[in-house]
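> just the structure for this:
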Amino acid sequence: MSKFGELIDADIPILLDFYTDWSEPSTNMHPVLRDVAAALGDKGKVIKINVDKNADLSEALRIKGLPTLMIYKLGEMVWRQSGEQDANTLINLMRDFT
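Sure, this is the predicted structure:
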């Protein structure tokens, strides 16, 4: 968990994507997240977290639906949503927190 704290404690917004390889909505988000990362450049970061490989963290954050997307800034969660999102929505959200 301390590694997670270091991960989210940044002065740029961090978009976390909690996913699994067996969830179609999760895999549908992969190209969307690549677009978001490309659009943000160094003004934000996109990190994918496989819930099957990070069960303790997923449980601690009460991940129920997949994909679950969260935005953190300076160690605080500032936005959370389950389900697929489009790239423009995510890009605009991330820019709101820069």
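> wait, is Arg95 part of a helix?
Yes - with DSSP: H, G, I helix; E, B strand; the rest coil as the criterion, Arg95 is assigned to a helix.
> tally of neighbours for it?
Arg95: 13 surrounding residues under other C-beta atoms under 10 Å. The C-beta positions use only the backbone N, C-alpha and C, and glycine is treated the same way.
> could you report the distance from it to Thr68?
The spacing between Arg95 and Thr68, counted by C-beta to C-beta, to the nearest Å, is 21 Å.
> how about the residue sitting nearest the centre point of the chain, secondary structure?
Closest residue to the average C-alpha location of the chain: Leu16 at 1.6 Å, with C-alpha atoms, centre = their mean. Following three-state DSSP, we place Leu16 in the strand state.
> would you mind measuring from the residue nearest to it when sequence neighbours are not counted to Leu15?
The spatial neighbour of Leu16 that comes closest, neighbours along the chain excluded (C-beta to C-beta, 6 or more residues apart in numbering), is Met70 at 4.6 Å. Remark: distance between Met70 and Leu15 (C-beta to C-beta) = 7 Å.
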